[in-house]
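> sequence unknown, structure follows:
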Ligand SMILES: Cc1cc2nc3c(=O)[nH]c(=O)nc-3n(C[C@H](O)[C@H](O)[C@H](O)COP(=O)(O)OP(=O)(O)OC[C@H]3O[C@@H](n4cnc5c(N)ncnc54)[C@H](O)[C@@H]3O)c2cc1C
Ligand code: SF4
């Protein structure tokens, strides 16, 4: 964990929904500290430069699908608006398929498919931010930045075990911001027998998502699934997001199967290691205790991994990394990567804020370097 924030957040936290209140009740019985999650959604109207007034969250819980009021800090109401203000042009519906290069090994053009037609954009520098699956896929397809064979290696995903229970109270799990309450007490728990740690988080869920989870992870089907869904309004969940260690057994490669453009699909090899299994067991035991203390019955546990991380590791060592600490490729000097593929480890928390921080840092370092005399 880093140092404490020097300033308060500009707005109050969002109200705690039912799952968050139940988690608070359960955690209080074990003196586990909790706090409202620092969710990137507005609890009041907020004026944002180059965007305008953004509205407060209406607490209808649709965040996973997309926020229709602009309260959630999605890219369209934050960084993309900023970029457009400063002169960026957005070419929507464009899917990058390749790159043109010169004899010096630099990228000279980006090639993309737009509405079925191939187009080309000449470039001086490329910032590749396609995420931990599509970034390595593009590099592998184009045989770029990979002479040490590290592109696609060390794929990671958070240990994301979930515990669900039924409560006497009306819960309405679709209401309110989904991850309303967190606890960081397990960030580095003592004497556990595993490395790293995890956060605990309350969860809200939409009915269709819950039904699909019950079918996929808990084997409910047909009448049993219908009966279980009748308890939906009295259901609440708690989950963990825990550190996953980088491992050479977990990697992404190109498959023989092709996508609609005829390009090789990515294939991911991933299995929990001993450390992830021990952490999941620890989290499961604790979350079941918390849920029982909060009053839950008919508890079910769903094993799960969350978030895609790694595959283009940032490192000081050229032999084991794909990019340097400023996000620049070791091999292709005008290629920068700024997404969750550069994470050397997975962190014991949800990744979005760190992705944004790394991307801003990469941009700052690039601009500084451009200013300095050659
Ligand atoms: C349902 C859901 C809930 C989540 N909740 C949380 C949360 O509460 N907190 C948290 O921290 N994280 C959360 N995450 C994870 C978080 O959203 C991701 O880790 C994060 O968005 C990854 O950022 P990125 O910039 O690396 O990649 P992305 O956000 O995936 O951005 C990559 C972009 O590249 C584009 N792209 C890919 N390939 C190409 C191509 N060939 N040509 C052109 N464009 C391309 C994609 O369309 C996409 O827009 C959640 C994820 C999901 C799916
Ligand atoms: S609950 Fe989520 S989707 Fe709904 S307004 Fe709030 S931030 Fe937006």
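Right, received. Where do you want to start? In this text the structure is predicted, and so the values were computed from the model without any measurement. Residues are numbered from 1 along each chain as shown. Ligands and ions are numbered 1, 2, ... in the order given.

> ok, now how distant is residue 130 from ligand 2?
Distance, residue 130 to ligand 2, using C-beta to the nearest ligand atom, to the nearest Å: 25 Å. Every C-beta, even on glycine, is put in place using the N, C-alpha and C of the backbone.

> quick one: that residue and residue 96 touch, right?
Yes: counting by C-beta atoms under 8 Å, residue 130 touches residue 96, with 7.4 Å between them.

> what do those two both touch?
residue 138 (C-beta atoms under 8 Å, 6 or more residues apart in numbering).

> give the contact list for the closest residue to residue 278 other than its chain neighbours.
The shortest distance from residue 278 to any residue other than its chain neighbours is 4.1 Å, reached at residue 194 (C-beta to C-beta, 6 or more residues apart in numbering). Residue 194 is in contact with 275, 278, 279, 282, counting by C-beta under 8 Å, 6+ apart.

> and which of the residues you listed is nearest to residue 150?
residue 275 (21.5 Å; C-beta to C-beta).

> now do the helices in the stretch 201-350 of the chain.
Under the criterion DSSP state H, counting those that start in this stretch, the stretch 201-350 of the chain contains helices at 207-218, 222-229, 274-294.

> how far does the helix or strand containing residue 364 sit from the chain's center?
Per DSSP states H and E, residue 364 falls inside helix 352-371. Put simply, helix 352-371 sits 18 Å off its chain's centre (C-alpha atoms, centre = their mean, to the nearest Å).

> repeat for stretch 21-29
26 Å.

> same question for stretch 293-310.
Going by C-alpha atoms, centre = their mean, where stretch 293-310 is centred and where its chain is centred differ by 17 Å.

> picking up where we left off before, report the buried members of the contacts of residue 194.
Listed as buried from these are 275, 278, 279, 282; burial here means 16 or more other C-beta atoms under 10 Å.

> just the closest of the residues you listed to ligand 1, please.
Of all the buried ones among the contacts of residue 194, the one sitting nearest ligand 1 is residue 279; the distance, using C-beta to the nearest ligand atom, is 18.5 Å.

> what's near enough to touch the closest one?
By C-beta under 8 Å, 6+ apart, the neighbours of residue 279 are 159, 192, 194, 196, 197, 198, 242, 243.

> which ones are touching residue 271?
So residue 271 contacts 249, 250 (C-beta under 8 Å, 6+ apart).
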